[in-house]
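Visitor: What shape does this take:
(chains A and B)
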2 protein chains.
Amino acid sequence: MRSVAVIGIGKTPFGAFQNKDLRTLAVEAGEKCFRDANVWPSQVDSFFLGNFAGPSFTGQNHLAPYVSTALGMAGIPATRIEDACASSGSAFYHAWREVASGLSDVVMVAGAEKMTTQATSRVTEILAAAGDCATEIRAGSTFPSLFAMIARRHMYQYGTTREHLSAVAVKNHENGALNPDAQMRKVITLEQAMAGKPIAEPLNLYDCSLISDGAAAVMLAPAERASEFTDKPVRILGIAQASDFVALDQKADITTFPALRIAAQKAYGMAGVSPKDIQFAELHDCFTIAEIVAMEDLGFVERGQGGFFTAAGETRRSGKMPINASGGLKSKGHPVGATGAAQICDVVQQIRCEAGDRQLKRHGLGLAQNLGGSGATCVVSILGEI
Amino acid sequence: MRSVAVIGIGKTPFGAFQNKDLRTLAVEAGEKCFRDANVWPSQVDSFFLGNFAGPSFTGQNHLAPYVSTALGMAGIPATRIEDACASSGSAFYHAWREVASGLSDVVMVAGAEKMTTQATSRVTEILAAAGDCATEIRAGSTFPSLFAMIARRHMYQYGTTREHLSAVAVKNHENGALNPDAQMRKVITLEQAMAGKPIAEPLNLYDCSLISDGAAAVMLAPAERASEFTDKPVRILGIAQASDFVALDQKADITTFPALRIAAQKAYGMAGVSPKDIQFAELHDCFTIAEIVAMEDLGFVERGQGGFFTAAGETRRSGKMPINASGGLKSKGHPVGATGAAQICDVVQQIRCEAGDRQLKRHGLGLAQNLGGSGATCVVSILGEI
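Guide: Down below sits the predicted model:
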């Protein structure tokens, strides 16, 4: 199995862009990625697009060739991957496999989602399709309510508090305010975060990620060829995807994500590192509680300690384990199908020391964790300097 | 690159099944596949699901873990592939890559679509999302009208006739009548086929494939391990996926599919065979004209000769090149996301000599061709006896 490098990245700002459709966004990210990687479209062997709900939000399906041909890549295999909010994390995983196996050399991954459309009034319903529509959704659940149940149970089992949840939001807003590509560049106080409008108790407005438009792209090549394209390649040291039941009520314990734990163990094993070696991470904070569960399942802290760790400031940029220096889904924005690829871009920017005002001191070994639904899909990627 | 074998297949009948939802259909096909392959769910390393429009037809998204966990495979990577009507052909291609590269041993591919739902009244719109919604679909095109333009131009350039199109329909109905899993087991005469209700002239009702529910599944393993599971493995000799523009008006010549030609050349090259070596084929006859174009692009006949070849009876089971002995999409049915995987099942049944009344005499080397949209995605697979 060959070692694989990220040789280029590109992303759009995240936000609500009335005049940009899904293809325009994906092409903008893709063209930035071509320039950053010094790759021409004709050099790309295969294309993967991560997208969750393009057909529901925009009416357009068959999205992979729709985007790849607009980027000048007609002819090559163009494949859309859908794994809910982990769609482009999964696309990145399959692209890595293709290069690692030797079947392709230069592979582009893009993730894109256009959520502000005429269908935005149905956004809760469209997102809920990532849950089990025959059971939990039919019974009235929405994603905020599913994660509210996770939060409530986490509070009961581990003593996690309302303040702990808000500490995640405050920290991610603090970081996002420094990110020029973030949708919500607004510092908030703990008091503001605690007093947010209730969405699904105990979760309030400040516990929930945003409705966003955006795209991100990543170019992969064998590490041994990376120097042909760039002088700042980043190596994929470990990566894994895993799955679990879609419905929350099929899980033995809703305060942990088995798919996350499986993917993490595999990725750590492949990279030959342990959680304490990781210097920073981009975690899937679709809701504040999701970041707390993720840091526990990744082994950054003991089970039940994520809230306390956050409240102690240890996940801030100055803390022991900086999490979501980008602002995370909470502040940066969460165009669902773009999130996994954008996390990779954010980790790569830190490793390359190109993260501007939010640059971390220790940035040699980073982790990205992308979650689908309430944990039915998870992808964990570990990247480091070459 | 390792040689890969199909070690098991499973499919549901195709039809309109009021009491079976998408997951039920996929599980039925998957369980048949487990039995046929002598594989337990715990032995599977990775799962791919081909599905085109599950969210639009059924409301359910995040379909890969939704199906894989119902089949007892929680934990492993579960990935949905969407490439319009070529979704499960593409899933089969990516599963093959995974086994061929040595990254996985036992991989399951399923394809599923549930088209008869409360959303069936919007079926034309849902299918049209595989075209370019910003241009051709916005201008009023539907898939029947896009393929009608292809047919009209083919008639103009090559002298293809209305009778030629109907000869495809008559032959596929003749075959489908012998297939117990076919949706429409009804022999039709040339006169009936010519007199069908106009849909988009020159295409009439008998030129169009069906609205169907159904699923199919295929199990792959390294050829060297196939004997652990089955005494009738079938080898994947050549396979390729290619892409092209989504909108018909972006193509230089609408009587040929460049993605098909690219995929075919790659698959022939990998298999080390030429078109004349192929003994039978399952082609993507979403419309009768699509079968005619496909046999030309695959090199079975010269450009423009597909209609004449069909009218001469050469694609019947008794002809020089039997095409769609299963009945094809036209008579067997076309549950969009299931079609690619079902074609593989049909080719494997012929090679194994298990095709019952429709068994062909020459069945050692078969080809399956799966098309997405009006040609923006194509997958060609060549399978043979081990």
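Visitor: and residue A:109, that's in a strand?
Guide: Yes - under DSSP: H, G, I helix; E, B strand; the rest coil, residue A:109 falls within a strand.
Visitor: neighbours around it, how many?
Guide: Look at residue A:109: counted by other C-beta atoms under 10 Å in any protein chain shown, it has 31 neighbours. Backbone N, C-alpha and C define where each C-beta goes, glycine included.
Visitor: so who does residue A:96 touch?
Guide: A:4, A:220, A:236, A:239, A:381 (C-beta atoms under 8 Å, 6 or more residues apart in numbering or on different chains).
Visitor: Check the residue of the stretch 101-250 of chain A found nearest chain B and give its pLDDT.
Guide: Nearest residue of the stretch 101-250 of chain A to chain B, counting by C-beta to the nearest C-beta: residue A:101, 2.9 Å away. With respect to pLDDT, residue A:101 scores 96.
Visitor: hang on, the earlier thing: out of the contacts of residue A:96, which is most surrounded?
Guide: residue A:220 (30 neighbours).
Visitor: Who does that residue form a beta bridge with?
Guide: Beta-bridge partners recorded for residue A:220 (DSSP bridges): residue A:6, residue A:107.
Visitor: picking that back up, ok, so of the contacts of residue A:96, who is nearest residue A:42?
Guide: The nearest member of those to residue A:42, counting by C-beta to C-beta, is residue A:220 at 16.6 Å.
Visitor: That closest one against residue A:2, yeah?
Guide: No - in this structure residue A:220 lies outside contact range of residue A:2 using C-beta atoms under 8 Å: 10.8 Å.
Visitor: quick one, domains of chain A?
Guide: Structural domains annotated on chain A: A:4-121+A:212-234, A:130-207+A:236-380, as defined by automatic domain parsing.
Visitor: Residue A:298 and chain B: what is the separation?
Guide: Residue A:298 is 17 Å from chain B, where distance means C-beta to the nearest C-beta, to the nearest Å.
Visitor: So residue A:9 belongs to a helix, correct?
Guide: No - under the criterion used here (three-state DSSP), residue A:9 is strand, not part of a helix.
Visitor: show me what contacts it?
Guide: Going by C-beta under 8 Å, 6+ apart, the list of residues near residue A:9 reads A:32-33, A:36-37, A:216-219, A:344-345, A:348-349.
Visitor: 7 Å - rerun?
Guide: By C-beta atoms under 7 Å, 6 or more residues apart in numbering or on different chains, residue A:9 lies in contact with A:33, A:36, A:217-218, A:345, A:348.
Visitor: before we move on, back to that, nearest approach to residue B:82 belongs to which of the domains of chain A?
Guide: Of all the domains of chain A, it is domain A:4-121+A:212-234 that lies closest to residue B:82, at 4.4 Å by C-beta to C-beta.
Visitor: what's the nearest residue to residue A:238 once chain neighbours are set aside in contact with, if anything?
Guide: Nearest residue to residue A:238, sequence neighbours excluded (C-beta to C-beta, 6 or more residues apart in numbering or on different chains): residue A:271, at 3.0 Å. Residue A:271 sits next to A:237-238, A:382 when contact means C-beta under 7 Å, 6+ apart.
Visitor: Also residue A:129?
Guide: Residues near residue A:129 by C-beta under 7 Å, 6+ apart: B:55, B:59-62.
Visitor: Tell me which ones among these also neighbour chain A, please.
Guide: Restricting these to those near chain A by C-beta under 7 Å from any C-beta of the partner chain leaves B:55, B:59-62.
Visitor: Residue numbers of the stretch 101-250 of chain A in contact with chain B?
Guide: A:101-103, A:129-130, A:132-133, A:241-246.
Visitor: Which one of the residues in the stretch 251-386 of chain A is closest to chain B?
Guide: For the stretch 251-386 of chain A, C-beta to the nearest C-beta, closest residue to chain B: residue A:376, 4.0 Å.
Visitor: Would you mind putting the CA coordinates of the host helix or strand of residue A:149 into CSV?
Guide: Taking DSSP states H and E as the criterion, residue A:149 maps to helix A:143-158. Presented in CSV, the C-alpha positions along helix A:143-158 are these (Å, rounded to 0.1, in the frame of the first residue of the first chain):
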residue,chain,number,x,y,z
PHE,A,143,-31.8,16.0,14.4
PRO,A,144,-31.8,18.7,17.1
SER,A,145,-34.1,16.4,19.1
LEU,A,146,-31.9,13.3,18.6
PHE,A,147,-28.8,15.1,19.7
ALA,A,148,-30.8,16.7,22.6
MET,A,149,-31.5,13.1,23.8
ILE,A,150,-27.8,12.3,23.6
ALA,A,151,-27.0,15.5,25.5
ARG,A,152,-29.6,14.7,28.2
ARG,A,153,-28.3,11.2,28.7
HIS,A,154,-24.7,12.4,28.8
MET,A,155,-25.7,14.9,31.5
TYR,A,156,-27.4,12.1,33.5
GLN,A,157,-24.6,9.6,33.2
TYR,A,158,-21.6,11.9,33.5
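Visitor: Neighbours of residue A:26, how many?
Guide: Quick note: residue A:26 (other C-beta under 10 Å) scores 32 neighbours.
Visitor: so what's the closest residue to it other than its chain neighbours up against?
Guide: Once flanking residues are discounted, residue A:26 sits nearest to residue A:112: 4.0 Å by C-beta to C-beta, 6+ apart. Neighbouring residues of residue A:112 by C-beta under 7 Å, 6+ apart: A:22, A:25-26, A:49, A:51, A:215, A:337-338.
Visitor: Name the residue most distant from the centre of chain A?
Guide: Within chain A, the residue lying farthest from the chain centre (C-alpha atoms, centre = their mean) is residue A:75, at 29.0 Å.
Visitor: Return the residues in contact with that one.
Guide: Residue A:75 makes contacts with B:242-243, B:262, as judged by C-beta under 7 Å, 6+ apart.
Visitor: and residue A:235, that one's in a strand?
Guide: Yes - under three-state DSSP, residue A:235 falls within a strand.
Visitor: Now do it: how many residues are near it, please.
Guide: 18.
Visitor: quick revisit: between residue A:220 and residue A:2, what contacts are shared?
Guide: residue A:99.
Visitor: about what we covered before: could you single out the nearest of the contacts of residue A:112 to residue B:304?
Guide: For these, the nearest to residue B:304 is residue A:49 (35.1 Å; C-beta to C-beta).
Visitor: Partner strands of the helix or strand containing the closest one and their direction?
Guide: Secondary structure from DSSP H and E places residue A:49 in strand A:46-50. Next to strand A:46-50 in the sheet, as set by DSSP bridges, lie strand A:78-82 (parallel), strand A:107-114 (parallel).
Visitor: neighbouring contacts of it?
Guide: Applying C-beta under 7 Å, 6+ apart, the contact partners of strand A:46-50 are A:63-64, A:67-68, A:73, A:76-81, A:87-88, A:90-91, A:94-95, A:98, A:104, A:107-112, A:337, A:340-341.
Visitor: Quick one: buried ones out of those residues?
Guide: Neighbour counting with 16 or more other C-beta atoms under 10 Å in any protein chain shown marks A:63-64, A:67-68, A:73, A:76-81, A:87-88, A:90-91, A:94-95, A:98, A:104, A:107-112, A:337, A:340-341 as buried within those.
Visitor: Need the max-distance pair from the residues of the stretch 101-250 of chain A next to chain B.
Guide: Across those, no pair lies farther apart than A:102 and A:133, at 40.0 Å, counting by C-beta to C-beta.
Visitor: quick one, which of the two is more surrounded?
Guide: A count of neighbours by other C-beta under 10 Å puts residue A:133 above the other of residue A:102 and residue A:133, at 22 against 14.
Visitor: Write out the residues of the stretch 251-386 of chain A neighbouring chain B.
Guide: Residues of the stretch 251-386 of chain A lying near chain B by C-beta under 7 Å from any C-beta: A:262, A:372-373, A:376-377.
Visitor: Alright, I will stop here.
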